[in-house]
Each structure stands twice: as C-alpha cells, then as structure tokens.
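Chemist: based on what follows, work out the 3D shape:
(one chain, ligands or ions: 2)
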Amino acid sequence: MAVKKLYDTAISPEKAVLIGVITPDESEEQEREYLEELAFLVDTAGGVTQHTFTQKVQRPDRATFVGSGKLDEIKAYIDSEEIDIAVFDDELSPSQVRNIENELQIKVLDRSNLILDIFARRAQTAQAKTQVELAQLQYLLPRLTRMWTHLERQKGGIGMRGPGESQIESDRRLILNKISLLKEKLKLIDKQNETQRKNRTQLVRVALVGYTNVGKSTILNLLAKAEVFAENKLFATLDTTVRKVVIDNLPFLLSDTVGFIRKLPHHLVECFKSTLDEVREADILIHVVDISHPGFEEQMVAVNETLKDLDAVDKTIITVFNKIDAYQQGVDTSIDDFKNSWMAKHSSPAVFISATEKQHLDELKALIYQLAAAIHTKRYPYDHLLY
Ligand SMILES: Nc1nc2c(ncn2[C@@H]2O[C@H](COP(=O)(O)OP(=O)(O)OP(=O)(O)O)[C@@H](O)[C@H]2O)c(=O)[nH]1
Ligand SMILES: [Mg+2]
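Modeler: Residues are numbered from 1 along each chain as shown. Ligands and ions are numbered 1, 2, ... in the order given. Below is the predicted model:
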C-alpha cells in the first residue's frame, strides 16, 4: 500500500525545478553539492524539488543565465509536470529574471530570494524582523522596474509610460524612506543590545559558530540545559540566544547564533552584522562542523571566510567535529585517520563528538573549562582561589 502523505489533504506544496551551471572553475561534484543544498533550502521553504537541471558553460548567459536550448528543455519539463517555480542557484540580475520569466511563464527565484524567504519566516525578535525587512527592500530596489514592466505588459505599453515611470519613482522614494526608517530602528535596537552586553562583559564569553544545520543549538541545549529550537532544517536559528553556563564552578556566557551558508546574499550579511556582534565580541569561538556532511571541509572554508569578514579570526577557536555517529567512512579515511592528520596539521584545539549520542562531551567541557579559566584568571588575578 502506498504511504499516504500528510499533505494530501492540505494545500499541496509548490513543485520546483532547480537550475545550476557548471563553470570551468568548479567541479561537477561541487555543483551537485550546491544543488543538494538548494534542494534543502527549497524543502525548508516548504516546496518540493521535482527535478534538477545543470549545464556546463564558460560563464552564465547574460540574458537568460542558461543557453536557449537548455531553457527550451526546462520549459518542456515544466509544462508536462506542472511545475510552479524555477529556482536558480546563483543570484540573477533583474533583466535575467524578466527574460527567463517570459520564457518559462512561471515564478522564477534565485538563491537569495529563497534565503530571504526563509529568513522572513524564521525571524522572531524585532531585531531579526527589522534586519530581514531591510534586506528584502534592498533586494527589491533595483528590481522595481521589473515589477512595473509586468504591469505594462498587461495593460499595454502606450500611454502607460508616463504614469509608469512616475509610479516607479514614487515607489522608489517610498522604499528609500522605509529603508532609512528601518536603519534608524536598527540603530536603536543595537544601542539597547549594546547596553545589555556591557552589563555582562565581566564574564568570559563563548560563541558557537558554524555552517547551518551542524548542531550548534543542540550543543547549546546540552551545555546550558536550555530549550533552543533545533531541527533538521536550514536556519532553524536566526536570533542570538545567550545562556549562562557553569562548568566546575566556572561561570561563562555561551551564545548561539545564525548559521552561515555559501553564497549568502551580500545584503543579508550586512543586515545581520549586528546579530553577529556576539561573535565579534566573544573571547572564545566554538566552530562546530558537521563531519558527517560530505562537503564539510568546504563548509569550514565558508565559515572561516565569514569570520574573516567579521574580523573574528584572531580569537581562540575550538573546532568541534560533531555528528561522529553519522560519519560515513570514506574509501580509505576512518575518523581516526582524519583526526590524526588534522591534529598533525593544526595546533588549535579540536574535539570529535556526537551531541545527540552524547559522545565525548566531557572532552569538550574540559577544553572549554581550560581555555575559559585561563581568560578568567587573566581578567581576575585574585579570583582563582574560588575555582
Ligand atoms: N546524527 C546526529 N545528528 C545531530 C547531531 N547533533 C545535531 N544533530 C541534528 O542536526 C540537526 C540540526 O541541529 P541544530 O542544533 O538545529 O543545528 P544548528 O547548527 O543550530 O542549525 P541552524 O540553526 O539551522 O543553523 C538536528 O536535526 C539535530 O538533531 C549529532 O551529533 N548526530
Ligand atoms: Mg540553530
């Protein structure tokens, strides 16, 4: 008997096709991984991926991203399978979106759109909501003309040109006003948060960082016995959570924050910078890595680049390789081989754990204690007798 899907009776989820290009500077394997991640993003946004199209190109087509033959192939599939959305793996220019929508006659999204959509659903606090709204408006601004040309097409171009242009102009002014309002609002929120943070700077501050879905919130929950939302979706966490944790009488602050991802829209990084203050101001970073993910090394590179962006690479960093329970042994690399070669190449501390199976958590706690205690003693030379 076929398994009845839960959503049979609900509104059926939107059906998506994914489209990516393979340029000479990336491998097929890499692009496959990007597209798997894109499918995960679609899933997180509530859609289902029906099919994936790739094309090898020197560079993306200026007008339609992929070549016209490929676009015909995609169009035929869309028509026969009644697809609702086409999602492109890279950011499209406004004119590319327009051209592709003309061809495919369905909704066209790019990776940035999708991430913004997920962020908008996840945002809970005033700060996150304001940041996402700001990013959305900044994304929209250069695309205003596109929306208007759609209207023009419906109503006929002649005679619409005048009002059309002034409409765009007034829309643009409205959006610019809204953007500066949101920026003011963010400044205010930042100030409040800064005061809050100043009030607790006495304690050593430790921040969990890492790619999305690696287990940061799960680790915070374990260490702080908190109840932070963790699930197998991308960007489960958007807001920063700070908890006081005590290990062997040594108190410190542990924070959990938004996960990183490759090809994160530039606006979004900018807008989320203040959320990441916690990372910037931390004494110790715990870089959590999902070692069971086939692309974990590339994910580490993406995280390190974002940390560089935030001027946070010079801090003490503990690397936590999580999900060792789910590690799939490669042809010739066992987890011990990897561990040995990692330890040989890197001098910074690292531990290999499973948060869900509670393996080697004591090692992680001991490491945090050792490093946090050193900072604490430096800050409070006469306090050490207490611990
Ligand atoms: N197999 C396995 N799964 C784990 C482990 N740790 C966490 N997970 C699972 O990985 C998924 C993501 O965990 P989260 O703690 O939400 O990850 P996160 O890094 O906070 O993710 P975002 O907030 O989305 O960036 C959840 O389904 C967890 O149950 C582990 O050690 N082993
Ligand atoms: Mg999380």
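Chemist: longest helix anywhere in the protein?
Modeler: Criterion DSSP state H: the longest helix present in the chain is helix 161-198.
Chemist: heading C-terminal from that one, find the next helix or strand.
Modeler: Going down the chain from helix 161-198, the next helix or strand is strand 204-210, by DSSP states H and E.
Chemist: direction included, what does that following strand pair against?
Modeler: Strand 204-210 has the following sheet partners, assigned by DSSP bridges: strand 250-256 (parallel), strand 284-290 (parallel).
Chemist: what lies in contact with whatever helix or strand comes next after the last one?
Modeler: Moving toward the C-terminus from strand 284-290, the first helix or strand encountered (DSSP H and E) is helix 296-309. Outside of helix 296-309, the residues that reach it under the criterion Cβ atoms under 8 Å, 6 or more residues apart in numbering are 30, 33, 209-211, 214, 260-262, 264, 269, 279, 285, 287, 289-290, 293, 313. Heads up, the C-betas are built off the backbone N, CA and C, glycines and all.
Chemist: what kind of secondary structure is Phe321 in?
Modeler: At Phe321 the chain is in strand, as set by DSSP: H, G, I helix; E, B strand; the rest coil.
Chemist: how many residues are close by it?
Modeler: As a burial measure, Phe321 scores 25 neighbours (other Cβ atoms under 10 Å).
Chemist: again with Ile375
Modeler: Ile375: 17 surrounding residues under other Cβ under 10 Å.
Chemist: how about Ala372?
Modeler: 24.
Chemist: give me the element it is part of.
Modeler: helix 361-379.
Chemist: that helix near ligand 1 at all?
Modeler: No: counting by Cβ under 6 Å from any ligand atom, ligand 1 has no neighbours in helix 361-379; the shortest distance is 10.0 Å.
Chemist: got a list of contacts for the helix or strand where Arg98 lies?
Modeler: For Arg98, the element it lies in under DSSP H and E is helix 94-104. For helix 94-104, the surrounding residues in contact (Cβ under 8 Å, 6+ apart) are 62-65, 71, 74-75, 78, 86, 88, 92, 107-108, 110, 142-143, 145-146, 149.
Chemist: flag the shaky bits of the chain, pLDDT-wise.
Modeler: Applying pLDDT under 70 to the chain flags residues 1-11, 145-166, 200-201, 226-231, 234-238, 265-266, 330-332, 382-387.
Chemist: show me it divided up by domain.
Modeler: 15-118, 123-151+166-199, 202-379 (automatic domain parsing).
Chemist: distance of the closest residue to Leu176 other than its chain neighbours relative to His293?
Modeler: Nearest residue to Leu176, sequence neighbours excluded (Cβ to Cβ, 6 or more residues apart in numbering): Leu141, at 7.6 Å. Look at Leu141 and His293: by Cβ to Cβ, to the nearest Å, they are 35 Å apart.
Chemist: separation between the closest residue to Lys365 other than its chain neighbours and ligand 2?
Modeler: Leaving aside its chain neighbours, Lys365 sits nearest to Ile247 (5.2 Å; criterion: Cβ to Cβ, 6+ apart). For Ile247, the distance to ligand 2 (Cβ to the ion, to the nearest Å) stands at 21 Å.
Chemist: likewise Ala39?
Modeler: Ala39 is 20 Å from ligand 2, where distance means Cβ to the ion.
Chemist: any idea which element that residue lies in?
Modeler: helix 28-44.
Chemist: which residues sit against that helix?
Modeler: 16, 18, 20-22, 48-49, 52, 54, 87, 89, 111, 114-115, 118, 213, 233-235, 261-263, 294-295, 298.
Chemist: could I have the buried ones of these as PyMOL selection syntax?
Modeler: Isolation of the buried members of these (16 or more other Cβ atoms under 10 Å) is achieved in PyMOL through the command below:
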select buried, resi 16+18+20+21+22+49+52+54+87+89+111+114+115+118+213+233+234+235+261+262+263+295
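Chemist: out of the contacts of helix 28-44, which are inside helices?
Modeler: Counting by DSSP H, the contacts of helix 28-44 contribute Arg111, Leu114, Ile115, Ile118, Glu298 to helices.
Chemist: higher neighbour count, Leu141 and His293?
Modeler: The residue with more neighbours, out of Leu141 and His293, is His293; 20 against 14, by other Cβ under 10 Å.
Chemist: the more buried one: what's its closest spatial neighbour, skipping adjacent residues?
Modeler: Computed as Cβ to Cβ, 6+ apart, the closest residue to His293 that is not its neighbour in sequence is Gln299, at 6.6 Å.
Chemist: where's that neighbour relative to Ser348, distance?
Modeler: 17 Å.
Chemist: how many neighbouring residues does the residue lying closest to Val206 once chain neighbours are set aside have?
Modeler: Sequence neighbours aside, Ile284 is the residue nearest to Val206 in space, at 4.6 Å (criterion: Cβ to Cβ, 6+ apart). By the other Cβ under 10 Å criterion, the neighbourhood of Ile284 contains 21 residues.
Chemist: looking at Gln299 and Ser348, which one has more neighbours?
Modeler: The neighbour comparison of Gln299 against Ser348 (other Cβ under 10 Å) goes to Gln299, with 24 against 9.
Chemist: can stretch 351-358 be found next to ligand 2?
Modeler: No: Stretch 351-358 is not in contact with ligand 2 by Cβ under 5 Å from the ion; minimum separation 11.6 Å.
Chemist: okay, buried residues for that stretch please.
Modeler: Residues of stretch 351-358 classed as buried: Val351, Phe352, Ile353, Ser354, Ala355 (neighbour count, 16+ other Cβ under 10 Å).
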